[in-house]
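1. Test case, fold it:
(one chain, ligands or ions: 2)
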Amino acid sequence: MNKNFLALHDFSKKELDDLFELALELKKKQKNGEKHRLLKGKTLAMIFEKSSTRTRVSFEVGIYQLGGHGLFISSGTSQMGRGEPLKDTARTLSRFCDGIMVRTYGQEIVEELARFATVPIINGLTDLFHPCQIMADLLTVIEHKGTYNGLKFAWVGDGNNMANTWIEAAAIFGFDLTLACPQGYQPDRKVLEWAHANGKASIVLTDDPKAAVKDADVLNTDVWASMGQEEEQKAREKAFAGYQLNAETLKLAKPDCIVMHCLPAHRDEEITDEVIEGPNSVVWDEAENRLHIQKAIMASLMG
Ligand code: CP
Ligand code: NVA
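-> Numbering: from 1, shown residues only. Ligands and ions are numbered 1, 2, ... in the order given. Take a look at the predicted model:
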């Protein structure tokens, strides 16, 4: 298996399926109160250049449950924030820690860290990808639907880091994905090209949310303005009007569809309160599964 967890495209379907299996096993052990200290005495450095609730807590609790220790490092209060080169940070942290999780802006930042670190680097969200989240989402789909095979996935909203990672997942796992994104807010072109060249899945891009959700089994959305795009909020509210998951859109999907959102959600923007709180929503299971899948990722990389 690849030494780092930077993007799903670095892994085979089998390697990722093995992570689901391990995550389910670890989840069961944790629920039954059975010890599973696969990373006893190991330390994970967690670098945050952006805000977080779920990622920070799930990694810190996860490494603790595996018998290790998590170290929260905010870029603003470390020497990274004062311009210490990434390659120096990577080599220094590698001498102290057994793995490094990083949440940052450009994908090139996690790649640079990986180039110089001698311990595994885990992508905890970049502007391009959010691979831990999509793995948690698919684990949730497996639990609720039994499998991801043969399901129809829909994405409604911004062609952002979440959408890009769903595209990679569709190509690798071979499920059908339709994304409805407004003009000018489409997913990364290179990611789409990679997916079309490397997968057999049907990945369709449209600007019609109704077409995307029609008969879908899994509905997905995310905020209209991601971290770092706060000043675009007003312009995005205009561009994304009509790209909301609400009771009307839900009627077009399968009656037993599941609704997902990586959170944090902006109620009554990309999703209505009614839908996120409704019977089809699985967002809390989805949030919890960050813990279980990341324990599997850490155990596989750092064990
Ligand atoms: N979904 C997610 O990554 O949440 P946080 O921003 O709270 O970490
Ligand atoms: N697209 C969002 C995801 C947050 C978990 C962002 O990047 O802010």
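2. Pull out the buried positions in the helix or strand harbouring residue 62.
-> Assigned by DSSP states H and E, residue 62 falls within helix 54-65. Applying a neighbour-count criterion of 16 or more other C-beta atoms under 10 Å, the buried positions in helix 54-65 are 54, 55, 56, 58, 59, 60, 61, 62, 63, 65. Yep, even glycine has a C-beta here, placed from its N, CA and C like the rest.
3. isn't there a strand covering residue 72?
-> Yes: judged by DSSP: H, G, I helix; E, B strand; the rest coil, residue 72 forms part of a strand.
4. Setting aside sequence-adjacent positions, which residue approaches it most closely?
-> Nearest residue to residue 72, sequence neighbours excluded (C-beta to C-beta, 6 or more residues apart in numbering): residue 46, at 5.4 Å.
5. The one you found contacts residue 62, correct?
-> No: here residue 46 does not reach residue 62: they are 10.5 Å apart, not a contact under C-beta atoms under 8 Å.
6. got the contact list for the nearest residue to residue 29 once chain neighbours are set aside?
-> Sequence neighbours aside, residue 36 is the residue nearest to residue 29 in space, at 4.4 Å (criterion: C-beta to C-beta, 6+ apart). Residue 36 sits next to 26, 29, 30, 65, 66 when contact means C-beta atoms under 8 Å, 6 or more residues apart in numbering.
7. Out of the buried residues of helix 54-65, which are close to ligand 1?
-> 54, 55 (C-beta under 6 Å from any ligand atom).
8. Dump the buried residues of helix 54-65 to JSON lines, plus distance to ligand 2.
-> Listed next are the buried residues of helix 54-65 as JSON lines, based on distance: C-beta to the nearest ligand atom, whole Å:
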{"residue": "54", "distance to ligand 2": "7"}
{"residue": "55", "distance to ligand 2": "7"}
{"residue": "56", "distance to ligand 2": "11"}
{"residue": "58", "distance to ligand 2": "12"}
{"residue": "59", "distance to ligand 2": "13"}
{"residue": "60", "distance to ligand 2": "17"}
{"residue": "61", "distance to ligand 2": "17"}
{"residue": "62", "distance to ligand 2": "17"}
{"residue": "63", "distance to ligand 2": "20"}
{"residue": "65", "distance to ligand 2": "22"}
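9. still on that earlier bit, hey, what's in contact with both of residue 46 and residue 62?
-> Here residue 46 and residue 62 have residue 70 as joint contacts, going by C-beta under 8 Å, 6+ apart.
10. quick one on the thing from earlier: the helix holding residue 62 - contacts with which helices or strands?
-> strand 43-48, strand 69-74, strand 99-103, helix 283-302 (3 or more C-beta pairs under 8 Å, 6 or more residues apart in numbering; DSSP states H and E).
11. what's in contact with that helix?
-> Taking C-beta under 8 Å, 6+ apart as the rule, helix 54-65 contacts 30, 36, 39, 42-44, 46, 48, 69-70, 72, 101, 103, 124-125, 132, 263, 287, 290-291, 294-295, 298.
12. and these, which are buried?
-> By 16+ other C-beta under 10 Å, the contacts of helix 54-65 give 30, 36, 39, 42-44, 46, 48, 70, 101, 103, 124-125, 132, 263, 287, 290-291, 294-295, 298 as buried.
13. Keep only these that also lie close to ligand 2.
-> residue 125.
14. on that earlier part again, ok, the residue nearest to residue 72 - contacts?
-> 56, 59, 60, 70, 71, 72, 73, 100, 101, 102, 124.
15. measure it to ligand 1 for me?
-> With the distance defined as C-beta to the nearest ligand atom, to the nearest Å, residue 46 ends up 11 Å from ligand 1.
16. Likewise for residue 110?
-> Distance of residue 110 to ligand 1, computed by C-beta to the nearest ligand atom: 15 Å.
17. Tell me who's in contact with that residue.
-> The contact partners of residue 110, by C-beta under 8 Å, 6+ apart, come to 4, 6, 102, 104, 121, 123, 126.
18. And for residue 79?
-> Residue 79 neighbours (C-beta under 8 Å, 6+ apart): residue 89.
19. shaky segments in the stretch 151-300 of the chain?
-> Residues of the stretch 151-300 of the chain meeting the criterion pLDDT under 70: none.
20. returning to that earlier point: bridged to the residue nearest to residue 72, which residues?
-> residue 72, residue 101 (DSSP bridges).
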